[in-house]
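> structure for the following, please:
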Amino acid sequence: MAKLKIKEHFFNVLQDWNFDILLMIGGYGSGKSFTGFLKTALLATQEKRKILVVRKVYSTLKDSCYEDLKEAFDTLGVRKKWKLIKSPYEAENIKNGSKIIFKGMDDWRKLKSIKNIDYILIEEADELSIEDIKELRKRLRGLNIKKHLVLMCNPVSRLSSIYKMFFTDEGFNFDEEELYRKRELVKVETITLEDGTKEKFVIKVHHSTYKDNPFLPASFIYELESEKDPRIRRIARDGKFGADGDLVLYNAVFENNVFERYVAGKIDRKHLYRGIDWGYSISYTCGLMMAVNPVLNELYIYWEYYDKGKTTQELMQGLQVLKNNNIPIYADSASSQTIADFYDAGFNIYGATKGKGSVEYHEQLLRSFSRIVIDIDRCPNTKSTAEECVYKKDKNGEIQAGKYNIDPHPFDAASYGLEEYDYIPLKERIKKKKYIGV
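Prediction:
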């Protein structure tokens, strides 16, 4: 085989086979896909394997996975050992009998007939649902051989199947920020079989960015480093999870100690705001403490309450700090009884104005600030909502104002809390009082 020049960060993962599931995730041009196909080609050339390469849609395989595998064979100098078939897409090793089969999840019925798969490689894994991935894992039935599942993708939305599978308590529950710091994480789970024997199950996650790829052209690096869109910078350049679409709060930034840096001793009491969005029993209740710098036109969000399934008494306890300084609190007026209970308990609370057009108005209100500075440590749910909330689009691909991919409780709490904020950015701007009684 040919000699390879590869950075240590990828050399380690290329040589490591001590895993059951491996997720390779990173930004644009990081080298994760190249390494994934190189790893696959190397194993199938050295050992007899039956490998399944998958994307969501079969028609996308030719110009991506099939070409990537051929490049991997050329890089290793083993192309002559492989017979490449185009209809259907397959590769057979004429020396050891390894076979690589390409399939799309849109042709699922044909996948069920494939037997004894011992290695699966999934490109653009975020395109697949968790159910898709679970079904693929059931295909790993090769006998007397170590089986592997390798997934590769960019870190798009936290609503994606990959995020839910690897970074929430619904799945393997890796820590996202720890991954960015350490670059590689490992978890070992012990499975007890019906006969009482115990098996170790190893899951690994590998993170990379364009800085891990020394072979990128200068023009590509320039495009990444000069990108102004924060959403694209986060996903493409930094290889971190972000929103996959048009951000609602494009003006949100995230900092530490927001109260101390921007509010304490700097903002008058009349520019302090507090808001609550009730979640009732099945959704989240969100309470926020905020301040506005009218000169800089900046909104500061420096404290949050975020929980669900609480009684009114438990909510009062969690939101007790909102009583401080008797600053008016504006809450979702849909729950008048809850507001009345809070008022009777000593909260200076009122129902916020709502009506036809108010959602779009509140959206424009938040987007009118030059910056919305959200405290990273004290307001983690407000931060993640700002990072994730994007517009829904109609059938023509046009943005639908007031319609989002998630239910943004912090946005609602902020909007209600800013009830008395005088938002008139343009002379022709329709004042919100128009919505009273509509």
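
> quick one: low-confidence ranges for the stretch 301-438 of the chain?
Across the stretch 301-438 of the chain, the ranges flagged by pLDDT under 70 are 355-357, 423-438.

> hey, where'd the strands end up in it?
Per DSSP state E, counting those that start in this stretch, the stretch 301-438 of the chain carries strands over the ranges 329-331, 349-351, 371-375, 391-393, 399-404.

> just those strands: most buried one?
strand 329-331 (a mean of 26; mean count of other CB atoms under 10 Å). Just so you know, the C-beta spots here come from the backbone N, C-alpha and C atoms, and that holds for glycine as well.

> nearest to Ile301, out of the strands of the stretch 301-438 of the chain?
Nearest of these to Ile301, taken as CB to CB: strand 371-375 at 4.8 Å.

> neighbouring strands for whatever helix or strand Leu151 lives in, and are they parallel or not?
Assigned by DSSP states H and E, Leu151 belongs to strand 148-153. Strand pairing for strand 148-153, using DSSP bridges, gives strand 21-26 (parallel), strand 119-122 (parallel).

> so what sits opposite His207 in the bridge?
Going by DSSP bridges, His207 forms beta bridges with Ile25.

> export the strands paired with strand 148-153 to TSV and tack on mean pLDDT and distance to Gly196?
TSV is the format used below for the strands paired with strand 148-153 (pLDDT from 0 to 100; distance: least, CB to CB, whole Å):
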stretch	mean pLDDT	distance to Gly196
strand 21-26	96	24
strand 119-122	95	29
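
> export those strands to JSON lines and append columns for mean neighbour count and distance to Gly104.
Shown next, in JSON lines, are those (neighbours: other CB atoms under 10 Å; distance: least, CB to CB, whole Å):
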{"stretch": "strand 21-26", "mean neighbour count": "24", "distance to Gly104": "20"}
{"stretch": "strand 119-122", "mean neighbour count": "24", "distance to Gly104": "11"}
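
> closest to Lys182 out of those?
strand 21-26 (13.3 Å).

> what's the burial count for Lys395?
Lys395 has 5 neighbours, counted by other CB atoms under 10 Å.

> what do you get for Lys270?
The number of residues near Lys270, taken as other CB under 10 Å, comes to 10.

> quick one: closest of the strands of the stretch 301-438 of the chain to Ala72.
Among the strands of the stretch 301-438 of the chain, strand 391-393 sits nearest to Ala72 (CB to CB), with 36.6 Å.

> so which of the strands of the stretch 301-438 of the chain gets nearest Lys164?
Using CB to CB, those put strand 399-404 closest to Lys164, at 18.5 Å.

> that closest one packs against which elements?
Strand 399-404 sits against helix 358-367, strand 391-393, with contacts defined as 3 or more CB pairs under 8 Å, 6 or more residues apart in numbering; DSSP states H and E.

> any chance you could list what contacts that strand?
Asp246, Val248, Val359, Glu360, Glu363, Cys389, Val390, Tyr391, Lys392, Lys393, Asp394 (CB atoms under 8 Å, 6 or more residues apart in numbering).

> excluding chain neighbours, what is closest to Arg234?
Leaving aside its sequence neighbours, Arg234 sits nearest to Gly242 (CB to CB, 6 or more residues apart in numbering; 4.0 Å).

> wait, isn't that neighbour in contact with Ser160?
No. Here Gly242 does not reach Ser160: they are 10.7 Å apart, not a contact under CB atoms under 8 Å.

> chain center to stretch 258-270: distance?
Centroid separation between stretch 258-270 and its chain, computed with CA atoms, centre = their mean, to the nearest Å, is 32 Å.

> and that stretch, what's buried?
Val258, Phe259, Tyr262, Val263, Ile267 (16 or more other CB atoms under 10 Å).

> residue contacts, the nearest residue to the fourth one once chain neighbours are set aside?
Spatially, and ignoring its direct neighbours in sequence, Val263 is nearest to Ala291 (4.6 Å; CB to CB, 6+ apart). Under the criterion of CB under 8 Å, 6+ apart, the contact partners of Ala291 comprise Tyr262, Val263, Ile267, His271, Leu272, Tyr273, Leu299, Tyr300, Tyr302.

> go again with 10 Å.
258-259, 262-264, 266-269, 271-273, 298-302, 373 (CB atoms under 10 Å, 6 or more residues apart in numbering).

> just these: which are in helices?
Val258 (DSSP state H).

> beta partners of the closest residue to Gly279 other than its chain neighbours?
Spatial nearest neighbour of Gly279, chain neighbours left out: Thr285 (3.9 Å); criterion: CB to CB, 6+ apart. Counting by DSSP bridges, Thr285 forms beta bridges with Asp307.

> so Thr285 touches His409, yeah?
Yes. In this structure, Thr285 is within contact of His409 by CB atoms under 10 Å, at 7.6 Å.

> and this structure, what are its domains?
Following automatic domain parsing, the chain resolves into domains at 8-212, 245-435.

> want to throw those into JSON lines with distance to Arg237?
Putting the domains of the chain into JSON lines (distance: least, CB to CB, whole Å) gives the following:
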{"stretch": "domain 8-212", "distance to Arg237": "6"}
{"stretch": "domain 245-435", "distance to Arg237": "15"}
